[in-house]
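**Student:** Take a look and give me a structure for this.
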Amino acid sequence: MKDFGGRVAVITGAGSGIGRALALDLAGRGARLAVSDVDSARIAETAALCEKAGAETRSYVLDVADRAAVLAHAEQVAGEFGQVNLVVNNAGVALTSTVEEMGWEEFDWLMGINLGGVVHGTKAFLPHLIASGDGHLVNVSSVFGFIGVPTQSAYNAAKFAVRGFTEALRQEMLMERRPVRVSCVHPGGIKTNIARDARGLEGPDADRAARLFERIARTSPEVAARTILRGVERNRPRILIGPDAYVIDALPRLFGAGYQRLVSLAGKRIIP
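**Tutor:** Numbering: from 1, shown residues only. Predicted structure coming up:
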């Protein structure tokens, strides 16, 4: 997909962060946009910014964990726009908790969005991407889809699963010669609200964790968006974002299972 002009792009989690940056970047490239988020105020603001940039934009309030809602959303978007060319399953949340202390409700909440949302969006839109004759699906995993990290077991579980699910799908599309390219995105630290909106920590611990994330997150959402779209243009199966993503990707390659000791030692110094 070398030109986004006139293409219909669907983006979940577009109320802020990478999702909003992607929508604005695509708006500037002449794409037609279907943007969604669970937060009605945030997604309305994104839509207004995209329309101001001259893009045909429709916004939707959507909980990606709700399978029936996502399936209905896909049919609605396809009906209103007439086609779907690019889908970015971007919506995601964070949870900080040890396995021992993590509640079932918190675990189900994260998995429903971070994994369920990707699977729902993929299954719902895949027929429309195939029908377009020139589709591209982008699923957002994380660098935590490469390594395990203390207090991030649920997030790790979801992002490892997104990686495996997406890589399997890409191979299926190649085997069956379907007209759909598939990319998996692995962002490093991106300057978004995800740490501030995370669950699991409260009070001073939550504030400390958010401030720590903000110090180490070096990549802007705008740079992340440009990197993703460049990866789509080049049909990259794996899109890494930020220098830290390349370092983290290298850890298990260089050290094998030994990386876990390095990460656990670092975790003792920085985890509340």
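**Student:** mind showing which ranges of this protein have poor pLDDT?
**Tutor:** Applying pLDDT under 70 to the chain flags residues 192-217, 267-272.
**Student:** Quick one: the helices in it, in order.
**Tutor:** Using DSSP state H, the helices of the chain run over residues 17-28, 40-52, 67-81, 104-114, 116-132, 153-175, 203-216, 221-233, 243-255, 259-270.
**Student:** Tabulate those helices in CSV, adding columns for distance to Asn89 and mean neighbour count.
**Tutor:** Where you see a C-beta, it was placed from the backbone N, CA and C, and this is true even at glycine. Putting the helices of the chain into CSV (distance: least, C-beta to C-beta, whole Å; neighbours: other C-beta atoms under 10 Å) gives the following:
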stretch, distance to Asn89, mean neighbour count
helix 17-28, 10, 25
helix 40-52, 16, 18
helix 67-81, 10, 17
helix 104-114, 10, 17
helix 116-132, 4, 21
helix 153-175, 8, 18
helix 203-216, 22, 13
helix 221-233, 12, 19
helix 243-255, 18, 15
helix 259-270, 27, 12
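**Student:** right, so of those helices, which gets closest to Val143?
**Tutor:** helix 243-255 (4.2 Å; C-beta to C-beta).
**Student:** thinking again about what came up before, to Ala9, which of the helices of the chain lies closest?
**Tutor:** helix 17-28 (5.1 Å).
**Student:** quick check: angle from that closest one to helix 40-52?
**Tutor:** On the basis of axes from the mean of the first three to the mean of the last three C-alpha atoms, to 10 degrees, helix 17-28 is oriented at 20 degrees to helix 40-52.
**Student:** Just the CA atoms of helix 17-28, as CSV, please.
**Tutor:** Coordinates of each C-alpha in helix 17-28 appear next as CSV, following Å, rounded to 0.1, in the frame of the first residue of the first chain:
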residue,chain,number,x,y,z
GLY,A,17,-1.7,8.5,21.8
ILE,A,18,-0.6,6.4,18.8
GLY,A,19,-4.2,6.0,17.6
ARG,A,20,-4.8,9.7,17.3
ALA,A,21,-1.4,10.3,15.8
LEU,A,22,-2.1,7.7,13.1
ALA,A,23,-5.5,9.3,12.3
LEU,A,24,-4.0,12.7,11.9
ASP,A,25,-1.1,11.4,9.8
LEU,A,26,-3.5,9.5,7.5
ALA,A,27,-5.8,12.6,7.4
GLY,A,28,-2.9,14.5,5.9
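**Student:** got a list of contacts for that helix?
**Tutor:** Helix 17-28 has contacts (C-beta atoms under 8 Å, 6 or more residues apart in numbering) with 4, 9, 11-14, 33, 35, 37, 42, 46, 49-50, 53-55, 57, 86, 88, 90-91, 140, 187, 190, 192-194, 220-222, 224-226, 228-229.
**Student:** Kindly reformat the helices of the chain as CSV containing distance to Thr98.
**Tutor:** Shown next, in CSV, are those (distance: least, C-beta to C-beta, whole Å):
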stretch, distance to Thr98
helix 17-28, 26
helix 40-52, 30
helix 67-81, 29
helix 104-114, 12
helix 116-132, 23
helix 153-175, 8
helix 203-216, 13
helix 221-233, 29
helix 243-255, 21
helix 259-270, 11
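**Student:** for Ile113, what are its contacts?
**Tutor:** 64-65, 91-93.
**Student:** Pick the one among those closest to Val77.
**Tutor:** Val64 (13.5 Å).
**Student:** Nearest to Phe146 among the helices of the chain would be which one?
**Tutor:** helix 243-255 (5.3 Å).
**Student:** circling back to that earlier point, just the buried ones among the contacts of Ile113, please.
**Tutor:** 64-65, 91-93 (16 or more other C-beta atoms under 10 Å).
**Student:** Among those residues, which pair sits farthest apart?
**Tutor:** Ala65 and Gly92 (11.2 Å).
**Student:** overlap in contacts of the two?
**Tutor:** Shared contacts of Ala65 and Gly92 (C-beta under 8 Å, 6+ apart): 113, 117.
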